[in-house]
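Novice: sequence unavailable; structure follows:
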């Protein structure tokens, strides 16, 4: 059974559910009025690594991202510690 998205014509409530193929409307769970089917955006297809070279390039990109993220985190943590020490002042 496909998952369809419905929207109530009266109260505007939205609902996603497994219904029989071709179902155009279902009763609203909020107000009981008819809910009409809406078309949802499709999900993009998966991009799988297709060769060992592509896998190595992806691994290198992931490692570089990890390194940048870790460095940025350390920098923000250092700035936060400095801000706390300045806020507490020399009197402690």
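Specialist: Ah, there it is. Treat the numbers as computed from the prediction; the structure is a model and nothing was measured. Numbers count the residues shown, from 1 in each chain.

Novice: all contacts plus neighbour counts: C-alpha atoms, from now on.
Specialist: Fine.

Novice: residue contacts, residue 3?
Specialist: 16-19 (C-alpha atoms under 8 Å, 6 or more residues apart in numbering).

Novice: can you read off the backbone torsions of the spatially most central residue of the chain?
Specialist: Nearest to the geometric centre of the chain sits residue 43, at 12.2 Å (C-alpha atoms, centre = their mean). Main-chain torsions, residue 43, degrees, to the nearest 10: phi -80, psi 140.

Novice: from residue 7, how far off is it?
Specialist: 20 Å (C-alpha to C-alpha, to the nearest Å).

Novice: what of residue 26?
Specialist: 9 Å.

Novice: tell me, what's touching the two both at once?
Specialist: Shared contacts of residue 26 and residue 7, defined by C-alpha under 8 Å, 6+ apart, comprise 35-36.

Novice: so in terms of bridging, what pairs with residue 18?
Specialist: For residue 18, the beta-bridge partners are residue 3 (DSSP bridges).

Novice: just checking, it touches residue 2?
Specialist: Yes. Here residue 18 reaches residue 2: they are 5.6 Å apart, a contact under C-alpha atoms under 8 Å.

Novice: just the strands in the protein please.
Specialist: For the chain, the strands defined by DSSP state E occupy 3-8, 14-18, 25-27, 34-38.

Novice: what does the third one rub up against?
Specialist: The set of residues external to strand 25-27 that reach it, using C-alpha under 8 Å, 6+ apart, is 6, 33-37.

Novice: drop anything exposed from those.
Specialist: 6, 34-37 (16 or more other C-alpha atoms under 10 Å).
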